[in-house]
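Trainee: Got a sequence here, can you build the structure:
(one chain, ligands or ions: 1)
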Amino acid sequence: MLPKPLDLTKQLITPFITQGSHVVDATVGNGHDTLFLLESLESVGGGTLTGVDLQAEAISATRERLEAISSTSTINLIQQCHSEIDYTELSPPTVIMFNLGYLPKFDKTVITQPHTSLLAIQKACQHLAVGGVISIMGYLGHEGGSEECTLIETHLKTLSRKNYRVLTYQYLNAPNTPPYLILVEKVS
Ligand SMILES: C[S@@+](CC[C@H](N)C(=O)[O-])C[C@H]1O[C@@H](n2cnc3c(N)ncnc32)[C@H](O)[C@@H]1O
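Mentor: This next block holds a predicted model:
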């Protein structure tokens, strides 16, 4: 069976994580994706992990989840907007993950916004290592989700094919508009 979009994301980004890589989770939420990134880093000998979220509760939930495994990696968890990540302090990331929308069971009013998401993704494209990848899980079902994804896609379609390869993976016939995947690979 074909993998679900989030499972495919993990399969596709794993090879981009090598020993010493810097990886970024731009929306840590409950920390599930962050834990996946840390485990992937650990399996290749460790590296640096940056995790960001607007909500203090998300940062502490993620910290707790990561502390459950023993790790040799450098971990920076920061409560801030992903459009404000300072990429200049660390080596260019080889993986940057975005999982847009809101966190179920948390404050649903804290939701990614079209313009800050676009800004964050533009900045991610700029600072991504050559040979690195950005994954974006987009949600069309909630209010503002479709506008957000359209804004992001419209921008990504303008990127030079010489420097970036941009693709999507999406169910076209599923009910309840499940999330879909956008990938950006920086090739030069
Ligand atoms: C769908 S959830 C992420 C799920 C998460 N990756 C996980 O594995 O549990 C989206 C997250 O984005 C966060 N968020 C919303 N706006 C943000 C922003 N401008 N900057 C950073 N995080 C933001 C929310 O607080 C929420 O935790």
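Trainee: close enough to count as contact, residue 168 and residue 184?
Mentor: No. Contact criterion C-beta atoms under 8 Å: residue 168 and residue 184 do not qualify, at 10.4 Å. Bear in mind the C-beta positions are built from the backbone N, C-alpha and C, glycine included.
Trainee: what about these two, which has more around it?
Mentor: Set side by side, residue 168 and residue 184 show more neighbours around residue 184, with 21 against 14, by other C-beta atoms under 10 Å.
Trainee: what residues does the protein put near the ligand?
Mentor: For the chain, the residues in contact with the ligand (C-beta under 6 Å from any ligand atom) are 27-33, 52-55, 58, 81-82, 99, 101-103, 110-112, 116.
Trainee: Just the ones of those in strands?
Mentor: 52-53, 99 (DSSP state E).
Trainee: Now those residues in a markdown table, please, with extra columns for pLDDT, neighbour count and distance to residue 148.
Mentor: A markdown table is the format used below for these (pLDDT from 0 to 100; neighbours: other C-beta atoms under 10 Å; distance: C-beta to C-beta, whole Å):
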| residue | pLDDT | neighbour count | distance to residue 148 |
| --- | --- | --- | --- |
| 52 | 98 | 24 | 17 |
| 53 | 98 | 28 | 17 |
| 99 | 98 | 23 | 13 |
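Trainee: Quick check on the residue in the chain positioned nearest to the ligand: phi, psi?
Mentor: Among the residues of the chain, residue 29 lies closest to the ligand, at 2.7 Å counting by C-beta to the nearest ligand atom. Per-residue torsions, residue 29: phi 50, psi -120 (degrees, to the nearest 10).
Trainee: For the remainder of this discussion, apply numbering that starts at 35.
Mentor: Renumbered: residue one is now 35, and that last one reads residue 63.
Trainee: What's the separation between the residue nearest to it when sequence neighbours are not counted and residue 220?
Mentor: Of all residues not flanking residue 63 in the chain, residue 137 sits nearest, at 4.5 Å (C-beta to C-beta, 6 or more residues apart in numbering). Distance, residue 137 to residue 220, using C-beta to C-beta, to the nearest Å: 28 Å.
Trainee: any low-confidence regions in this protein?
Mentor: Within the chain, not a single segment meets pLDDT under 70.
Trainee: Pretty sure residue 176 sits against residue 134.
Mentor: No. If you go by C-beta under 8 Å, residue 176 and residue 134 don't touch, sitting 9.7 Å apart.
Trainee: Out of those two, name the residue with the larger neighbour count.
Mentor: Shown here are residue 176 and residue 134; by other C-beta under 10 Å, residue 134 has more neighbours (25 against 14).
Trainee: and stretch 94-104, how far from the chain's centre?
Mentor: Put simply, stretch 94-104 sits 18 Å off its chain's centre (C-alpha atoms, centre = their mean, to the nearest Å).
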